[in-house]
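Asker: give me a 3D structure for the following:
(one chain, ligands or ions: 2)
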Amino acid sequence: MTLESGRFDGRTYIVTGGGSGIGRAIAQALADAGARVAVAGRTAERLDETVALIEKAGGEALAVPTDVRDPEAVDALVSAAAERFGRLDGLVNNAAGNFVVPGIDLSPGGWRAVVDIVLNGSYYCTRAVARRLREQGTGGSVLSVIASYAWHGHPGTVHSAAAKAGVLAMTRTLAVELAPLGIRLNCIAPGPTETAGAGAALWATQEAREEVLATVPAGRFADPAEIANASLFLLGDGASYLTGECLTVDGGQWLGKQVYGRTSA
Ligand SMILES: CCCCCCC/C=C/C(=O)SCCNC(=O)CCNC(=O)[C@H](O)C(C)(C)COP(=O)(O)OP(=O)(O)OC[C@H]1O[C@@H](n2cnc3c(N)ncnc32)[C@H](O)[C@@H]1OP(=O)(O)O
Ligand SMILES: NC(=O)C1=CN([C@@H]2O[C@H](COP(=O)(O)OP(=O)(O)OC[C@H]3O[C@@H](n4cnc5c(N)ncnc54)[C@H](OP(=O)(O)O)[C@@H]3O)[C@@H](O)[C@H]2O)C=CC1
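Answerer: Residues are numbered from 1 along each chain as shown. Ligands and ions are numbered 1, 2, ... in the order given. Here you go, the predicted structure:
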């Protein structure tokens, strides 16, 4: 089944963390659907790879090396994208940092590193894009990539869980503030997804990987393309009356917590 997202011809989106994993998959899916895409992240080489993949497939993309923790750099990213493509239509807040550490042992610097990227970075990017859309006098849409632990918490990643919960609250708040401008904001909450970044940060050993897999009723990790497919639905015209929501795409992971375990069909 594919969700109806419509075409994105002539539209421009910024995808943070677009140089790898889920961000790259969303950037590629947007470009395949006709959008122009500006990809942002700290590592220029990875962004260039995404641009090369998109151009090879006949699309248009721009790499803008940016640290989303720096609000001035974020403003420059938005200007660069709008200048190159003439307009902006939306944003995907996908950049993140994560590592496993008991909350009691986390240093202030470690807490700040993750909260700055995930929560502060998403706010700076959303604010800058919303200002541009207001200036253009057009609507648009913002999608933030969170995780189901935004609402149920997650021992071992308190920094990320708290930051993702903040992004969800930001989304719901700004969905109301910005609705009169025609700007929609939604979240997507992927389950464990096969990416090198998450693999290194969250399931670096075979044992850890198997432990994570055992929590997923669907019995497998997501492919980044499956997250991209649902993301396009939320960004596109098929979701034109949908705002302030979160779509969970996790193979049933967060529901599969029954005391007596699962039964197979
Ligand atoms: C299990 C199932 C769950 C499924 C849902 C999963 C949901 C979410 C998934 C993800 O988010 S996956 C994304 C993973 N990708 C990344 O993490 C890529 C980007 N990551 C990074 O850049 C780094 O990991 C970073 C640490 C987040 C930031 O890099 P930066 O260069 O800015 O920081 P550093 O200077 O290296 O460190 C800052 C600070 O953090 C402390 N720290 C770093 N790593 C660890 C660690 N492994 N354990 C404890 N502390 C760590 C480091 O010591 C510094 O603190 P201070 O020493 O200054 O106090
Ligand atoms: N994979 C999974 O299982 C799940 C992932 N998610 C979420 O999906 C999103 C993508 O994760 P995934 O693709 O797996 O992991 P990746 O590590 O591949 O993606 C994270 C991206 O964020 C970028 N990034 C990190 N810090 C910054 C910064 N300060 N400024 C700009 N960009 C930055 C990284 O690029 P660079 O280092 O070059 O800056 C990288 O491209 C994240 O929001 C993550 O929390 C949610 C649930 C599950």
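
Asker: and the residue lying closest to residue 253 once chain neighbours are set aside, what does it touch?
Answerer: Leaving out its chain neighbours, the residue that sits closest to residue 253 by Cβ to Cβ, 6 or more residues apart in numbering is residue 191, at 4.2 Å. Using the backbone N, CA and C atoms, a C-beta is placed for each residue, glycine as well. Applying Cβ atoms under 8 Å, 6 or more residues apart in numbering, we find residue 191 in contact with 148, 216, 218, 221, 222, 248, 249, 250, 251, 253, 254.

Asker: quick one: residue 191 from residue 136, how far?
Answerer: Distance, residue 191 to residue 136, by Cβ to Cβ, to the nearest Å: 35 Å.

Asker: against ligand 2, how distant is residue 21?
Answerer: 2 Å (Cβ to the nearest ligand atom, to the nearest Å).

Asker: for that residue, which residues are in contact?
Answerer: Contacts of residue 21 (Cβ under 8 Å, 6+ apart): 193, 195, 196, 197, 198, 224.

Asker: any low-confidence regions in the chain?
Answerer: Along the chain, segments meeting pLDDT under 70 span 1-4, 258-265.

Asker: quick check: residue 168 touching residue 150?
Answerer: Yes: using Cβ atoms under 8 Å, residue 168 is in contact with residue 150, at 4.7 Å.

Asker: okay, and the common contacts of these two?
Answerer: With Cβ under 8 Å, 6+ apart, residue 168 and residue 150 have common neighbours 187, 246.

Asker: so for those two, which sits in the more crowded spot?
Answerer: residue 150 (23 against 18; other Cβ atoms under 10 Å).

Asker: helix/strand/coil for that one?
Answerer: Counting by DSSP: H, G, I helix; E, B strand; the rest coil, the backbone at residue 150 sits in helix.

Asker: the longest helix anywhere in the chain and ligand 2, any residue contact?
Answerer: Across the chain, the helix with the greatest residue count (assigned by DSSP state H) is helix 158-178. No: shown here: helix 158-178 not in contact with ligand 2 (Cβ under 6 Å from any ligand atom), separated by at least 6.6 Å.

Asker: residue 112: how many residues sit nearby?
Answerer: If you count neighbours by other Cβ under 10 Å, residue 112 ends up with 13.

Asker: which residue does the stretch 51-200 of the chain have closest to ligand 2?
Answerer: residue 197 (1.9 Å; Cβ to the nearest ligand atom).

Asker: do the lengthiest strand in the chain and ligand 2 meet?
Answerer: Taking DSSP state E as the criterion, the chain has its longest strand at strand 183-190. Yes: residues of strand 183-190 are located near ligand 2 by Cβ under 6 Å from any ligand atom, namely residue 190.

Asker: in that strand, what counts as buried?
Answerer: 183, 184, 185, 186, 187, 188, 189, 190 (16 or more other Cβ atoms under 10 Å).

Asker: relative to ligand 1, which of these is nearest.
Answerer: residue 190 (7.1 Å).

Asker: and that closest one, what does it touch?
Answerer: 22, 145, 147, 222, 227, 249, 250.

Asker: that one and residue 59, how far apart?
Answerer: Going from residue 190 to residue 59 by Cβ to Cβ gives 23 Å.
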